[in-house]
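> task: produce atomic coordinates for the following.
(chains A, B, C and D)
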2 protein chains.
Amino acid sequence: MRISAKADYAVRAALELAATEEDTSVKAEAIAAAQGIPHKFLEGILGDLRRGGLVASQRGGKGGYRLARPADTISIAEVIRVVDGPLVSVRGVRPPELSYCGPAESLLPLWIAVRANVRKILGEVTLAEVAAAELPGDVLGLAEDPEAWTNP
Amino acid sequence: MRISAKADYAVRAALELAATEEDTSVKAEAIAAAQGIPHKFLEGILGDLRRGGLVASQRGGKGGYRLARPADTISIAEVIRVVDGPLVSVRGVRPPELSYCGPAESLLPLWIAVRANVRKILGEVTLAEVAAAELPGDVLGLAEDPEAWTNP
DNA sequence: ATTTTCCCTACTGGAAAAATAGGGAATGAT
DNA sequence: ATCATTCCCTATTTTTCCAGTAGGGAAAAT
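Prediction:
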């Protein structure tokens, strides 16, 4: 299960915007520099976010990007979906479109359960919370377990 | 977050073996036919599983594959790790190797939490449970929620 | 008018995923 | 001993998608 560079970059860019005062715009170049993201690649991502209705843009001298909605109303899941499509997929298709037979039949509910669990986390955490380093209690609980940081 | 064809195939192949009586071997071709997996591709995957110590093989006329350990001691996570490496990665690297700065700093514990949650499910569910269509209670609970089956 | 910045299209290089091909080595049956 | 079967290994192909690049056009401010 791999999270793409695009999704990672998109979330980080959105976090930079979330950390800015409302109604001030940030230039793509500034975001790129702050987060170490290739400038032109980031421009494409910001375009996706704009078309997805998550950010607004302004051209010209004092131009730049800002969030289209308050940071505490945008979940991490939303950001990822806008740039990457479905949050979880198996062989490129969404779990509900899969069909298994024989002893593999219960694999479908298993993938569904995994997806539900991922959704629960990424869907409840907002840009505001991550930017302020104030993750919800249940998420913090998971992340604080030292076991969660060990490798295999 | 995408689960590869290889991981999906590997789990399904392992489930076919789990559904067989112990100490009887199944030919690669039979598994391929039962699950609709390209034969030669599957042979490579079975080779990985063997080198990973999850299946044993036998050549010749009555040859084939069987699980190297009881099906209730092999988790889905183990199968995926053997063929695909790390269960969860961001831009190809494991979460603990990542480093974020500025407002993105709390992104790391978030990915860790996601990974912990995925591990909890795929690490506790065994081949025996899936093959017998008897998922653990907590997993079933997640999968039974109708909300979990809706698309976005 | 000029500078700045977003915006759009195309495209490229490369890696990884998915699958194929062909033959060598072990095993069991005849 | 021979033969069919099946796993085993290496290499190659084909495809797809990811990540990044390039160049210029359109809007806005100064």
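
> so where do the strands sit in chain A?
Taking DSSP state E as the test, the strands found in chain A are A:2-3, A:55-58, A:64-67, A:89-90.

> which residues of chain A lie near DNA strand C?
Counting by C-beta under 7 Å from any atom of the strand, the positions of chain A adjacent to DNA strand C are A:26-29, A:40, A:43-44, A:46-47, A:50-51, A:57-61, A:63-65, A:91-92. Every residue, glycine included, has its C-beta placed from N, CA and C.

> which residue lies farthest from the center of chain A?
When distances are taken from the C-alpha mean of chain A, residue A:102 lies farthest, 35.8 Å away, according to C-alpha atoms, centre = their mean.

> what about it, distance to DNA strand C?
Per C-beta to the nearest atom of the strand, to the nearest Å, residue A:102 is found 18 Å from DNA strand C.

> with adjacent residues omitted, what lies nearest to that residue?
Excluding its sequence neighbours, the residue lying closest to residue A:102 (C-beta to C-beta, 6 or more residues apart in numbering or on different chains) is residue B:34, at 5.9 Å.

> could you do residue A:117 as well?
Here the nearest residue to residue A:117 in space, its sequence neighbours aside, is residue B:117; by C-beta to C-beta, 6+ apart that works out to 4.8 Å.

> and the one you found, how many residues sit next to it?
Other residues near residue B:117 come to 20 when the count uses other C-beta atoms under 10 Å in any protein chain shown.

> check contacts around it.
Contacts were defined as C-beta atoms under 8 Å, 6 or more residues apart in numbering or on different chains; by that measure residue B:117 touches A:117, A:118, A:120, A:121, A:142.

> neighbour-wise, which one of those residues leads?
residue A:121 (24 neighbours).

> tell me how far the residue farthest from the centre of chain A lies from residue B:25.
Using C-beta to C-beta, to the nearest Å, one gets 17 Å for the distance from residue A:102 to residue B:25.

> check residue A:110 too.
Spatial separation of residue A:110 from residue B:25 under the definition C-beta to C-beta is 26 Å.

> give me the more crowded residue out of the two.
Comparing residue A:110 with residue B:25 by neighbour count (other C-beta under 10 Å), the higher total belongs to residue A:110, at 24 against 17.

> ok, that one touching residue B:79?
No - using C-beta atoms under 8 Å, residue A:110 is not in contact with residue B:79; the gap is 12.0 Å.

> for the top helix by length along chain A, the averaged confidence score.
Under DSSP state H, the helix in chain A containing the largest number of residues is helix A:107-124. Mean pLDDT, computed over helix A:107-124, is 97.

> alpha carbons only: can I get it in PDB?
C-alpha atoms of helix A:107-124 as PDB (Å, rounded to 0.1, in the frame of the first residue of the first chain):
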ATOM      1  CA  LEU A 107     -11.200 -11.000   0.800                       C
ATOM      2  CA  LEU A 108     -13.700  -8.400  -0.400                       C
ATOM      3  CA  PRO A 109     -15.100  -7.600   3.100                       C
ATOM      4  CA  LEU A 110     -11.500  -7.500   4.300                       C
ATOM      5  CA  TRP A 111     -10.400  -4.800   1.800                       C
ATOM      6  CA  ILE A 112     -13.600  -3.000   2.700                       C
ATOM      7  CA  ALA A 113     -12.700  -3.100   6.400                       C
ATOM      8  CA  VAL A 114      -9.200  -1.800   5.600                       C
ATOM      9  CA  ARG A 115     -10.600   1.000   3.500                       C
ATOM     10  CA  ALA A 116     -13.100   1.900   6.200                       C
ATOM     11  CA  ASN A 117     -10.300   2.200   8.800                       C
ATOM     12  CA  VAL A 118      -8.200   4.400   6.500                       C
ATOM     13  CA  ARG A 119     -11.200   6.600   5.900                       C
ATOM     14  CA  LYS A 120     -11.900   6.900   9.500                       C
ATOM     15  CA  ILE A 121      -8.500   8.400  10.100                       C
ATOM     16  CA  LEU A 122      -7.900  10.500   7.000                       C
ATOM     17  CA  GLY A 123     -11.500  11.600   6.900                       C
ATOM     18  CA  GLU A 124     -11.700  12.900  10.400                       C
END
